[in-house]
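[1] Model the structure of this input:
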Amino acid sequence: MKRILLVALALMSSGCSEQIAVSQDDPNIEQIKAVYMAYVQDFIENDFEGIASHFQTPVMRRGPTRIAMTPDDLMGSYRYDKTNIQEGYKYSTIDRLDVHRLASTVYYADADYTRYNDQDEIIFEGRSLYYFSNESGSWKMFAMGSVEVEKD
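    Numbers count the residues shown, from 1 in each chain. Here you go, the predicted model:
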């Protein structure tokens, strides 16, 4: 697990990663997308136990860098984040979700998302990378971080 965290830290700090060519019919990609979308729904619903269920600990989160050693630490971190999210936040949409293989048991999801208020007005647009492993037998995130959004 430490090795996976070190790999993720190196990739996240460089802001780029080399991906392995993967067939579009890789079943892991659809499984990871399903886990990610379930995470997003739990985020919208403030289901902190649900959020934590999509991660394996320890979890590294960047922006600022934080390490959650236990599921309780992770839930506390998300509770804090949600109390400090953009004013008026109601829900998020995923505008783009690409999943790439880094190694046989490590993938990352690159997601663009938009946050809205209850009048369906955009209050934030962002991009994040989420690193997944199936070390536990199912796909779970072990690291994530924000990426600067490229302006057109």
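
[2] Let's verify the spatially closest residue to F55 that is not a sequence neighbour: helix, strand, or coil?
    Leaving aside its chain neighbours, F55 sits nearest to M141 (4.9 Å; criterion: C-beta to C-beta, 6 or more residues apart in numbering). (Glycine included, C-beta is placed from N, CA and C.) Under DSSP: H, G, I helix; E, B strand; the rest coil, the three-state class of M141 is strand.

[3] what's the burial count for M141?
    24 (other C-beta atoms under 10 Å).

[4] Same check on G63?
    G63, neighbours per other C-beta under 10 Å, totals 12.

[5] The residue nearest to F55 contacts S128, doesn't it?
    No. Contact criterion C-beta atoms under 8 Å: M141 and S128 do not qualify, at 10.6 Å.

[6] Now do the shared contacts for these two.
    Contact criterion C-beta atoms under 8 Å, 6 or more residues apart in numbering; residues shared by M141 and S128: none found.

[7] circling back: quick one: contacts for the residue nearest to F55?
    Contacts of M141 by C-beta under 8 Å, 6+ apart are 35, 39, 54-56, 59, 130-132.

[8] With L129 instead?
    12, 108-111, 144-145, 147.

[9] Wasn't R79 part of a helix?
    Yes. Checked against three-state DSSP, R79 lies within a helix.

[10] pLDDT below threshold where in this structure?
    By pLDDT under 70, the weakly predicted segments of the chain are 1-24, 151-152.

[11] Residues touching the one helix or strand A52 maps to, excluding its own?
    Assessed by DSSP states H and E, A52 sits inside helix 48-53. With contacts defined as C-beta under 8 Å, 6+ apart, helix 48-53 is touched by 38-39, 41-43, 71, 74-75, 78-79.
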